[in-house]
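**Student:** sequence and computational prediction follow.
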Amino acid sequence: SQAVLPPQGEVEWHVHETKYEVFLCESGVGIFSVAESSDTGPSSKDGFVSHDTVLGEGVTIAVKPRFFHSIRNTGKQDLVLTYFGIAED
């Protein structure tokens, strides 16, 4: 599949309980954020820490199941990502 985020567009924090996801940045720039622990998320009362990766052409990100993640386009052009998911048994 392919996702196109316009400038300043974003995919809000979300989680997949049983699916790995792999993302390849085809073009544009942005920030891909992943929670540092599967025990926390944006609504965690214990605080929330994430790891941010700068997206640019050729950057690949893999996200494990149960890890909250979000994507934000920080550039002036569309952010184009090709992605696929792999479900756990």
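**Tutor:** Perfect, I can see it now.
**Student:** ok, and the closest non-adjacent residue to S33?
**Tutor:** S50 (4.4 Å; C-beta to C-beta, 6 or more residues apart in numbering). Every residue, glycine included, has its C-beta placed from N, CA and C.
**Student:** pretty sure that neighbour sits against F32.
**Tutor:** No. Using C-beta atoms under 8 Å, S50 makes no contact with F32, being 9.8 Å away.
**Student:** and those two? Which one has more around it.
**Tutor:** F32 (22 against 19; other C-beta atoms under 10 Å).
**Student:** tell me what the more buried one is bridged to.
**Tutor:** The partner list for F32 in beta bridges (DSSP bridges) reads T53, I71.
**Student:** which residues touch it?
**Tutor:** 23, 52-53, 55, 59, 61, 69-71 (C-beta atoms under 8 Å, 6 or more residues apart in numbering).
**Student:** so where is the chain shaky, pLDDT-wise?
**Tutor:** Filtered on pLDDT under 70, the chain yields the residue ranges 40-41, 43-47.
**Student:** next one: phi and psi at the closest residue to S1 other than its chain neighbours?
**Tutor:** Spatial nearest neighbour of S1, chain neighbours left out: Y83 (5.7 Å); criterion: C-beta to C-beta, 6+ apart. Y83 has phi and psi values of phi -150, psi 160 when expressed as degrees, to the nearest 10.
**Student:** quick check: Y83 touching Q2?
**Tutor:** Yes. Between Y83 and Q2 there is a contact under C-beta under 8 Å: 7.5 Å.
**Student:** of those two, which one has the most company?
**Tutor:** Y83 (16 against 9).
**Student:** dig out what the more buried one forms beta bridges with.
**Tutor:** F23.
**Student:** and the residue nearest to S33, how far is that from I31?
**Tutor:** 10 Å (C-beta to C-beta, to the nearest Å).
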